[in-house]
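A.B. asks: Below: sequence and its predicted model.
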Amino acid sequence: MSRLRALLAGWRSWIVPALWIAASLFLVIRTGIRDRGVILDHLEFGRRLFAGEPLYAPYLDDGPLHSVYPPSFGLLTGPFTWLGERGARFAWGLLQVAGLWTIGRVLLGWLRDGWPRFGAGRRQQVLAVALVVLAGRYVLRDTHGGGGNLINLALALGALASAERGRQSLAALLLGLSLATKPTTVLLAPVLFVLGHRIAAFGSLLAFGALATLSILVHGQGLEPFGYWFEGALAYGQQQNLFEPALHDLPRFSWMNQSLRCMVARYCGEVPEPWIGEVPGYVQGLGLSTAATAWIAKLASFVVLGATFWTVWRVRDRGLTPTRIAFAAVLCASLLTSPISWKAHQVALIPAFLVIAARAFDGDRFARGLAIAYFVLCSAGGGDLVGDAVKEWQQSLYLVTCFDLFLLGWLIARARDRRAMPEAAS
């Protein structure tokens, strides 16, 4: 009997690792065998950079290629073109899974430091399942077409973990690579500075400059591509009427874009055709002018960023766990204030989901209710399950954006509440 129990215990210890390996293989194969997806745009962008061809010339759909990305993004994607399309798809899938495992390792450290009773054993496995439930839809969305959001999150969390261990140069390199490939993590540089990792903060900007210079040298077309990208990005961030065509054909208003400014335009302004025709039973917003809605959106973004950075400043000397929760809040704020926030971008909430799950299993009923509500209203309602019409209706309500705002406020409160983290590292 004792041998049987030992054998069963041994099998139980292998169940979760085996499931994670199986899930990783599924994600890689799923990415590798697909025939379309954003990975094609990534590969073409990288190929053009190394071939010295016009980066933003039309591609496939006749619009400018990847006009939201800086030229330095091609440094990440270009080497994959040397493997051929199918090989590149599988290699990119492996990189995505490596990013996912990196995220898991960093967050495991968060558990061991802040909630040690969840750092090992069955409780850790239960938390892992909770993360899959909350973030699974976004992970599947990002890996389906070959997105880079998991990779970007892994770089950001790796930069913070490296800085905390005193490896400032590595932290600077990781965040600099993130900035060079997808500058949505630009908020993290001042965050690292406030948290005392000044070499990492300044070094990340230097690394970004070095990588940008390298991309200019590799491309051989001078500063014009960066000027094109910067002009479009600046105009896009300042655009008041989101329903008009954007400069350089950057994305117009879309229900799938769950950014804060799109939610303001929906509820405070008036959405024109054809967008309202996509939503059954659509009810218009307040009908304010374009200038008024743009002003409200900027004010809302200012409040979000102000409250978040004030929280980072307040908790900078309170230990690892409060600062990590504040870091999760910054990632949430970046989703809200970014001009584009597709569903796949929501993988940036994985650290926040960890905090929710840990608090929920720690007896926090409010966190438990928040997790259940988020899953029911945001994570579970994919178009494959509820149909495109219902999906568009859900997106038109901006449930994800509303919950992101609510989640941000909850994270800020948890980061500043000393009683909420009795086991936080000091």
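C.D. replies: Good, I have the coordinates.
A.B. asks: hey, let's count contacts and neighbours off CA atoms from now on
C.D. replies: Fine.
A.B. asks: Now for the closest residue to residue 285 other than its chain neighbours, which secondary structure element holds it?
C.D. replies: Of all residues not flanking residue 285 in the chain, residue 267 sits nearest, at 4.2 Å (C-alpha to C-alpha, 6 or more residues apart in numbering). Counting by DSSP states H and E, the element that carries residue 267 is helix 260-268.
A.B. asks: Touching that helix from outside, list them.
C.D. replies: Contacts to helix 260-268, defined as C-alpha atoms under 8 Å, 6 or more residues apart in numbering, come from residues 242, 253, 271, 284-288, 293-294, 296-298, 300-301, 336-339, 396, 398, 401.
A.B. asks: mean confidence score for it?
C.D. replies: Summarised as a single mean, pLDDT over helix 260-268 is 97.
A.B. asks: and what of stretch 212-225?
C.D. replies: 96.
A.B. asks: now do stretch 84-95
C.D. replies: pLDDT averaged over stretch 84-95 gives 93.
A.B. asks: Following whichever strand or helix holds residue 43 in sequence, what is the next regular element?
C.D. replies: Here residue 43 sits within helix 39-51, counting by DSSP H and E. Downstream of helix 39-51, the first helix or strand assigned by DSSP H and E is helix 74-77.
A.B. asks: Would you mark the buried spots in the helix or strand following that next one?
C.D. replies: The first helix or strand that comes after helix 74-77 along the chain, using DSSP H and E, is helix 84-114. Neighbour counts using 16 or more other C-alpha atoms under 10 Å place 85, 88-108, 110-114 of helix 84-114 among the buried residues.
A.B. asks: Output the contacting helices and strands for the helix holding residue 43.
C.D. replies: helix 74-77, helix 198-219 (3 or more C-alpha pairs under 8 Å, 6 or more residues apart in numbering; DSSP states H and E).
A.B. asks: I'd like these written out as a markdown table, with mean neighbour count and distance to residue 353 added.
C.D. replies: Putting the helices and strands packed on helix 39-51 into a markdown table (neighbours: other C-alpha atoms under 10 Å; distance: least, C-alpha to C-alpha, whole Å) gives the following:
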| stretch | mean neighbour count | distance to residue 353 |
| --- | --- | --- |
| helix 74-77 | 22 | 28 |
| helix 198-219 | 20 | 26 |
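A.B. asks: TSV for those helices, including distance to residue 187?
C.D. replies: What follows is the helices and strands packed on helix 39-51, written out as TSV (distance: least, C-alpha to C-alpha, whole Å):
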stretch	distance to residue 187
helix 74-77	21
helix 198-219	10
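A.B. asks: Residue 389 - how many residues pack around it?
C.D. replies: Residue neighbour count, defined by other C-alpha atoms under 10 Å, stands at 13 for residue 389.
A.B. asks: Render the CA-only coordinates of the helix or strand encompassing it in PDB, please.
C.D. replies: According to DSSP H and E, residue 389 maps onto helix 388-397. What follows is helix 388-397, C-alpha atoms only, in PDB (Å, rounded to 0.1, in the frame of the first residue of the first chain):
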ATOM      1  CA  ASP A 388     -20.100  37.600 -33.800                       C
ATOM      2  CA  ALA A 389     -23.200  39.700 -33.200                       C
ATOM      3  CA  VAL A 390     -23.100  39.100 -29.400                       C
ATOM      4  CA  LYS A 391     -19.400  39.700 -29.400                       C
ATOM      5  CA  GLU A 392     -19.800  43.000 -31.200                       C
ATOM      6  CA  TRP A 393     -22.500  44.000 -28.700                       C
ATOM      7  CA  GLN A 394     -20.200  43.100 -25.800                       C
ATOM      8  CA  GLN A 395     -17.300  45.100 -27.300                       C
ATOM      9  CA  SER A 396     -19.600  48.100 -27.900                       C
ATOM     10  CA  LEU A 397     -20.300  48.200 -24.100                       C
END
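A.B. asks: Please state the offset of it from the chain centre?
C.D. replies: 22 Å (C-alpha atoms, centre = their mean, to the nearest Å).
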